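*Asks:* Any chance you could fold what I've pasted below:
(4 chains)
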There are 2 protein chains.
Amino acid sequence: MDTNCSQCAVRKESIFKNAVGDQLNCAQRYRHSQLSFPARTAVFEENEHNHYIYTLFSGWGAVYKTSNNTGKRQILRFLLPGDLAGYQGNADDIMPHSVSTVTDAIFCVYPREKVKPMLLENPEIAVRFIEMWSRDLSLCHNHLMAVGRKKALESITFLLLELFHRARQQVPDSYQAQDNTIDFPLTQQDIGDAVGITKIHVNRVMKILTNDGLIYYHKKKLAILDEKKLSEISGFSPTMLEVSSP
Amino acid sequence: MDTNCSQCAVRKESIFKNAVGDQLNCAQRYRHSQLSFPARTAVFEENEHNHYIYTLFSGWGAVYKTSNNTGKRQILRFLLPGDLAGYQGNADDIMPHSVSTVTDAIFCVYPREKVKPMLLENPEIAVRFIEMWSRDLSLCHNHLMAVGRKKALESITFLLLELFHRARQQVPDSYQAQDNTIDFPLTQQDIGDAVGITKIHVNRVMKILTNDGLIYYHKKKLAILDEKKLSEISGFSPTMLEVSSP
DNA sequence: CGACCTTTTGATTGGCGTCAAAATCTGTGG
DNA sequence: CCACAGATTTTGACGCCAATCAAAAGGTCG
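*Replies:* Predicted coordinates for the structure are as follows:
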């Protein structure tokens, strides 16, 4: 696989999607480096300093918070190739959440201090930035809806559909057209931490979906067998993933 | 009260916080108009076209989604004066959520089509835009954590603390220092729709908090009587409200 | 092959939802 | 100022979804 970071910078879904000509040089100029992480390792931790922002080049990651009180983990969002991470943080660059990898992953890294100058010099990039942010916020809203107002069966189904579509878009090489399957590296614990239920109950729900012939789910592969019915259950629609522009 | 919209445009928390000189003129140039809404009326509706973005000048509002399946409402965020709304929406300006007022409210309105040119011309405003967005996303993350991984007592307490602090910041005139009270216009149904529980159970929890002497809650007034204990219960900290800059 | 992680299954418990109805508040018109 | 209707809050009884506890079964990697 080509792990050259300039590839990453111009990847379809990255910040620099609209970058052409001078702006591409700009992406080069501001670029810092790339980093590889093994599966299940921390990229940065909540409440710690971090002076970089990241785009995921390959692999899956997870953004999450851990409750100080109870130690429970809430996954806020899964990172797929092209996704942006680490752009939040207060004035002191203390991060409000953690990011870790799910699979082996490669991130492109930019120094945070260079972000603001870059945005000021390149309004097009700022607009693209806002666009991606808008999408993230939209995903977060849907996620909140799923967690707050849906039952386990519905919210898990919602998550599976969302990830299936995002994976097909953002990781085309992980999609096997012949059996409508994607590589699906999440554990049931991950799923539970995302939708706010225990892994035990996730298992029961996955069992139902499998037994009812709605999904195929085995050995880190996932197939959507009856998208229509799954959409009805969950209220998910692929249009929810469309990027909105300012 | 001064309802002049240029006041709104330069309000401390608005998009134009950093606008000075030319940029202030810019705010004037792009400004469209202001609108008054009675309490409990729709500003715009999910799945409908809307060609404006809004800043709330006075009053409270709510951003929410309604599940097609079950008709349940999930409040994504409460709007307080200075907050931005309606900046999402896909290419066709179809809104992914609804906004309605909680109290009587006045919004400043900008045509959406003018937003992108404004951002391109005024990178400082774009950066400020991103800043506010970052805060909204941060609030959404905390909200998701509260809904997904906290019990009713904890998540309601979290919401009360968040709103108390935001109200004191953003609506200083609604704060009575002598009894540490804010005007608190939400119904128990609203609270429930925000944290994903029924109004019945919200009532039980509010009762507990009141009886334990942790809050005062009566006639649309709210006081935080034991902030330390409430923070422990909920995991809330005022630093969570700090705006993060790119 | 053994250590560890993940999935699966069963039994029991509890937090919150649902249903129902009374009590209180709020605004409106007479 | 009172009467009334509708909205909101409060209380109680009961049921269910998902948490918890426990443990077996299967997978994975050294």
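
*Asks:* With chain B as the reference, measure out to the residue most central in space within chain A.
*Replies:* Centroid check for chain A by Cα atoms, centre = their mean gives residue A:79 as the closest residue, at 2.3 Å. To chain B, residue A:79 is 14 Å away according to Cβ to the nearest Cβ, to the nearest Å. Any C-beta I mention is one placed from the backbone N, CA and C, and that applies to glycine too.

*Asks:* again, but for residue A:235
*Replies:* From residue A:235 to chain B the distance is 5 Å (Cβ to the nearest Cβ).

*Asks:* How about residue A:142?
*Replies:* 8 Å.

*Asks:* Which residue is the nearest non-sequential neighbour of that residue?
*Replies:* Closest residue in space to residue A:142, ignoring its immediate chain neighbours: residue A:240 at 5.7 Å, by Cβ to Cβ, 6 or more residues apart in numbering or on different chains.

*Asks:* residues touching the one you found, list them.
*Replies:* Residue A:240 makes contact with A:138-139, A:142, A:162, B:96, according to Cβ atoms under 8 Å, 6 or more residues apart in numbering or on different chains.

*Asks:* For ChimeraX, what selects the buried ones among the residues you listed?
*Replies:* A single ChimeraX command selects the buried members of these (16 or more other Cβ atoms under 10 Å in any protein chain shown):
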select /A:138,139,142,162 /B:96
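
*Asks:* from the contacts of residue A:240, which single one is nearest DNA strand C?
*Replies:* Distance to DNA strand C across those (Cβ to the nearest atom of the strand) is lowest for residue A:162, with 18.1 Å.

*Asks:* sorry, back to before: give me phi/psi at the residue nearest to residue A:142?
*Replies:* phi -60, psi -20 (degrees, to the nearest 10).

*Asks:* How confident is the prediction for residue A:122, by pLDDT?
*Replies:* Residue A:122 is assigned a pLDDT of 89 by the prediction.

*Asks:* Check the spacing between it and chain B real quick.
*Replies:* Using Cβ to the nearest Cβ, we find residue A:122 at a distance of 8 Å from chain B.

*Asks:* Could you count how many residues lie near that residue?
*Replies:* Neighbour count for residue A:122, taken as other Cβ atoms under 10 Å in any protein chain shown: 22.

*Asks:* what does residue A:233 give?
*Replies:* Counted with other Cβ under 10 Å, the neighbours of residue A:233 add up to 22.

*Asks:* Go ahead and confirm the residue nearest to the centre of chain A touches residue A:63.
*Replies:* Yes: the criterion here is Cβ atoms under 8 Å, and residue A:79 meets it with residue A:63 at 6.5 Å.

*Asks:* shared neighbours of these two, anything?
*Replies:* Residues within reach of residue A:79 and of residue A:63 at once, by Cβ under 8 Å, 6+ apart, are A:85, A:99.

*Asks:* for residue A:106, what are its contacts?
*Replies:* Going by Cβ under 8 Å, 6+ apart, residue A:106 touches A:3, A:8, A:34-37, A:56-59.

*Asks:* How about residue A:93?
*Replies:* Neighbour list for residue A:93: A:49-51, A:112 [criterion: Cβ under 8 Å, 6+ apart].

*Asks:* How much space separates it from residue A:77?
*Replies:* 20 Å (Cβ to Cβ, to the nearest Å).

*Asks:* Go through chain A and flag its longest helix.
*Replies:* For chain A, the helix with the greatest residue count under DSSP state H is helix A:123-149.

*Asks:* Can you pull the poorly scored residue ranges out of chain A?
*Replies:* Where chain A drops to pLDDT under 70, the residues are A:1-32, A:89, A:244-246.

*Asks:* Apply 50 and report the result again.
*Replies:* A:1-13, A:15-26, A:29 (pLDDT under 50).

*Asks:* Let me see the domain layout of it.
*Replies:* A:5-123, A:150-241 (automatic domain parsing).

*Asks:* Quote the end-to-end distance of the last one.
*Replies:* Looking back up the chat, that one is domain A:150-241. Domain A:150-241 has an end-to-end distance of 19 Å (Cα to Cα, to the nearest Å).

*Asks:* and it with DNA strand C, contact?
*Replies:* Yes: using Cβ under 7 Å from any atom of the strand, we find that domain A:150-241 touches DNA strand C at A:187-189, A:199-200, A:203-204, A:206-207.

*Asks:* Just confirm yes or no for that domain near DNA strand D.
*Replies:* Yes: counting by Cβ under 7 Å from any atom of the strand, DNA strand D has neighbours in domain A:150-241: A:151-153, A:196-198, A:200-201, A:219-220.

*Asks:* Can you flag the buried ones in these?
*Replies:* For the residues of domain A:150-241 next to DNA strand D, buried by 16+ other Cβ under 10 Å: A:152, A:196-197.

*Asks:* could these go into JSON lines alongside secondary structure and distance to residue A:129?
*Replies:* Converted to JSON lines, these look like this (DSSP: H, G, I helix; E, B strand; the rest coil; distance: Cβ to Cβ, whole Å):
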{"residue": "A:152", "secondary structure": "helix", "distance to residue A:129": "35"}
{"residue": "A:196", "secondary structure": "coil", "distance to residue A:129": "29"}
{"residue": "A:197", "secondary structure": "coil", "distance to residue A:129": "34"}
